[in-house]
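[1] Predicted coordinates and the sequence they were generated for:
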Amino acid sequence: MPITDPFKKALAQKHRLFMKICRECGVRNAPTAVKCRKCRSKNLRWKKREARR
């Protein structure tokens, strides 16, 4: 069931796509994270996103 409301769609994309991934243990972290919540590593990267066709 596709989401038709543009506000809800933007909110869902923000929560699903904009997060940081730990390079050590692979856990998902908040976009504002500086350290991993699981292993306390500072080696974080942004989740990869690709434009839909």
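    Right, received. Where do you want to start?

[2] Which pLDDT value does the model give Gln13?
    For Gln13, the model assigns a pLDDT of 89.

[3] ditto for the one 10 residues further on
    Per-residue pLDDT puts Arg23 at 97.

[4] Just to check, it is in contact with Leu44?
    Yes - counting by Cβ atoms under 8 Å, Arg23 touches Leu44, with 6.9 Å between them. For the C-beta atoms, the positions are set from N, CA and C on the backbone; glycine is no exception.

[5] Neighbour count: those two, which is higher?
    The neighbour comparison of Arg23 against Leu44 (other Cβ atoms under 10 Å) goes to Leu44, with 17 against 12.

[6] can you give me phi and psi for Phe7?
    Summarising the backbone geometry of Phe7 under the convention degrees, to the nearest 10, its torsions are phi -70, psi -40.

[7] residues near it, how many?
    With neighbours defined by other Cβ under 10 Å, the count for Phe7 comes to 8.

[8] could we number from 35 for the rest of this?
    Will do, 35 is the new start, and the previous item becomes Phe41.

[9] Need the residue closest to the centroid of this structure.
    In the chain, the C-alpha nearest the mean C-alpha coordinate belongs to Met53, at 2.0 Å (Cα atoms, centre = their mean).

[10] if I pick that residue, what's in contact with it?
    62-65, 80-81 (Cβ atoms under 8 Å, 6 or more residues apart in numbering).
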